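S.K.: sequence first, then the predicted structure:
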Amino acid sequence: MTPFGEAVRRLRARKGVSQKEMAAALNVSPAYLSALEHGKRGLPTFDLLQRIAGYFNIIWDEAEELFLLARSSDPRVVIDTSGLPPEYTDFANRLARRIRKLDSAEIARLSAVLENGGKGDGKAS
């Protein structure tokens, strides 16, 4: 499940609707909505994101957060390393091969590095 899928699931629970009911209201198939929630589909269109926000009648701040979650939930990530030094391409490919083997602590550590602009987490190794 993606962060976006979790958010949609919480919104559905809050409204008390099933995937099937929501899919019908949005004019998408229940299978598509399920795949979207489970991260088996790519980024939803902006139009669909707007329809989802309208369906749940959420305020602008909550809709903006949902849109940001959608952008960070695309399960088919492409990292463009063209024009970068070879070690960047090597790193991106090694990460792609090994990401499924990383545990949550390793993901948190790498996330901290990204959040700190590549300066690490400030802790000595």
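M.R.: Thanks, I have the structure now.

S.K.: for the most centrally placed residue in the chain, report the pLDDT, please.
M.R.: Closest to where the C-alpha atoms of the chain average out (Cα atoms, centre = their mean) is Ser73, at 1.2 Å. pLDDT, the model's per-residue confidence, is 84 for Ser73.

S.K.: start the count at 294 instead of 1 going forward.
M.R.: That works, and once the first residue is 294, the last one we named lands at Ser366.

S.K.: which element is it on?
M.R.: Assignment of secondary structure by DSSP states H and E places Ser366 within no helix or strand.

S.K.: can you tell me which residues contact it?
M.R.: Residues in contact with Ser366, defined by Cβ atoms under 8 Å, 6 or more residues apart in numbering, are Thr295, Pro296, Phe297, Gly298, Gly332, Leu336. All C-beta spots, glycine's among them, are computed from the backbone N, C-alpha and C.

S.K.: of the residues you listed - the most surrounded one?
M.R.: The most neighbours of any of these, using other Cβ atoms under 10 Å, belong to Phe297, which has 24 neighbours.

S.K.: any idea which helix or strand carries that one?
M.R.: Of the helices and strands defined by DSSP H and E, Phe297 is found in helix 296-308.

S.K.: what residues does stretch 317-334 touch?
M.R.: Around stretch 317-334, the neighbours that count as contacts under Cβ under 8 Å, 6+ apart are 294-295, 297-298, 301-302, 310, 312-313, 315-316, 337, 341, 344-345, 348, 366, 368.

S.K.: would you put the C-alpha positions of it in PDB?
M.R.: What follows is stretch 317-334, C-alpha atoms only, in PDB (Å, rounded to 0.1, in the frame of the first residue of the first chain):
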ATOM      1  CA  ALA A 317     -19.100   4.200  -9.000                       C
ATOM      2  CA  ALA A 318     -19.300   7.800  -7.900                       C
ATOM      3  CA  LEU A 319     -15.900   8.600  -9.500                       C
ATOM      4  CA  ASN A 320     -16.800   6.700 -12.700                       C
ATOM      5  CA  VAL A 321     -13.900   4.300 -12.400                       C
ATOM      6  CA  SER A 322     -13.900   0.600 -11.900                       C
ATOM      7  CA  PRO A 323     -13.600  -0.900  -8.400                       C
ATOM      8  CA  ALA A 324     -10.600  -2.900  -9.700                       C
ATOM      9  CA  TYR A 325      -8.800   0.300 -10.700                       C
ATOM     10  CA  LEU A 326      -9.500   2.000  -7.400                       C
ATOM     11  CA  SER A 327      -8.300  -1.100  -5.500                       C
ATOM     12  CA  ALA A 328      -5.100  -1.200  -7.600                       C
ATOM     13  CA  LEU A 329      -4.600   2.500  -7.000                       C
ATOM     14  CA  GLU A 330      -4.900   2.100  -3.300                       C
ATOM     15  CA  HIS A 331      -2.600  -0.900  -3.200                       C
ATOM     16  CA  GLY A 332       0.100   0.800  -5.300                       C
ATOM     17  CA  LYS A 333      -0.300  -1.400  -8.400                       C
ATOM     18  CA  ARG A 334      -1.200   1.600 -10.600                       C
END
